[in-house]
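just a sequence and a predicted model for now, questions to come.
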Amino acid sequence: MIQVRPARDRGRTDWGWLDSRHTFSFGEYHDPSHMGFRSLRVINDDRVKAGAGFGTHGHRDMEILSYVLEGALAHKDSSGGGGVIRPGEIQFMRAGTGVTHSEYNGSKTEPVHFLQVWIVPDTRGLRPAYGQRAFDRAAARRAPVLLASRDGREGSLQVQQDVDLWVTLLEAGESRKLALRPGRHAWVHVARGSASVDGTVLQEGDGAAVSGEDGLTLAGQPQAEVLIFDLA
């Protein structure tokens, strides 16, 4: 079963310097029918103007991932983590017992476009942690590449939850298959372009919840950058 979450139906926050679209309830946007999917709690599609950003603020008991599509995102947090994230990289912050951090556009002249993802951990009160890694975009053009997982296999970022996060890049007419174990669920998010999931076409910003399937077939329509969350 596939249930589509159209990009046009997402919530929106527009603060001038920030244009954010919310797949699930977040901040002042609240929709009881869209509070997350399994352990996936937040997908915010954020565009931040040059020189602007989020000042220091706090989080706790959440696994937070940032995936940059265009530009550069500068991160700094109270656990000692920090860096500039660019396309082809993914960043992780474990809020755990509590952490403060800031996120700013790393450029004074160009906007930054990124996705912020929150995953609910299966254990509370963990020690805060930070991680950042580059992934092989050329490999993602051939097969799904693992970005984050519970066990940190294949060099992925390790998160405290039974979830695998994959990325794949598809050209027109190309297809990929991703197997799902029995009883698993998936959330597909089209970060850029257009793709079909088992024949259902998704446009940029669209998401889809998948349950009761043993795998997914993705195809470029005409090209796409797609994140796939394999969830318990």
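The structure has been received and is ready for your questions. Every value quoted in this text rests on a predicted model; they were computed, and no experiment measured them. Numbering: from 1, shown residues only.

have a look at the protein and report its longest strand.
strand 215-231 (DSSP state E).

tell me how far it lies from the chain's centre.
How far strand 215-231 lies from its chain's middle: 13 Å, per Cα atoms, centre = their mean, to the nearest Å.

cool, and stretch 137-147?
The chain centroid and the centroid of stretch 137-147 are separated by 15 Å under Cα atoms, centre = their mean.

count of neighbours near the closest residue to residue 232 other than its chain neighbours?
Leaving out its chain neighbours, the residue that sits closest to residue 232 by Cβ to Cβ, 6 or more residues apart in numbering is residue 162, at 4.0 Å. For the C-beta atoms, the positions are set from N, CA and C on the backbone; glycine is no exception. Counted by other Cβ atoms under 10 Å, the residues lying close to residue 162 total 15.

that older thread, just the buried residues of the longest strand of the chain, please?
By 16 or more other Cβ atoms under 10 Å, the buried positions in strand 215-231 come out as 216, 218-221, 224-231.

okay, now the unreliable bits of the chain?
Scanning the chain for pLDDT under 70 picks out nothing.

who are the contact partners of the nearest residue to residue 31 once chain neighbours are set aside?
Of all residues not flanking residue 31 in the chain, residue 25 sits nearest, at 5.3 Å (Cβ to Cβ, 6+ apart). By Cβ atoms under 8 Å, 6 or more residues apart in numbering, the contact list for residue 25 reads 11, 31-32, 34-36.

burial of the nearest residue to residue 95 once chain neighbours are set aside, as a residue count?
Nearest residue to residue 95, sequence neighbours excluded (Cβ to Cβ, 6+ apart): residue 59, at 3.9 Å. For residue 59, the count of nearby residues is 17 (other Cβ under 10 Å).

close enough to count as contact, residue 59 and residue 99?
Yes: counting by Cβ atoms under 8 Å, residue 59 does reach residue 99; the two are 6.0 Å apart.

identify the contacts common to the two.
The contact sets of residue 59 and residue 99 overlap at residue 93 (Cβ under 8 Å, 6+ apart).

one step back: so of the contacts of residue 25, which ones are in strands?
In this view, the contacts of residue 25 that belong to strands under DSSP E are residue 11.

now the contacts of residue 25: which count as buried?
Buried residues within those, counting neighbours by 16+ other Cβ under 10 Å: 11, 34, 36.

with respect to residue 21, which of these is nearest?
The shortest approach to residue 21 among these belongs to residue 11, at 7.1 Å (Cβ to Cβ).

how about the closest one, nearest residue that isn't a chain neighbour?
residue 29 (3.0 Å).

shouldn't the one you found be in contact with residue 22?
Yes: the criterion here is Cβ under 8 Å, and residue 29 meets it with residue 22 at 5.0 Å.

thanks again, I'm all set now.
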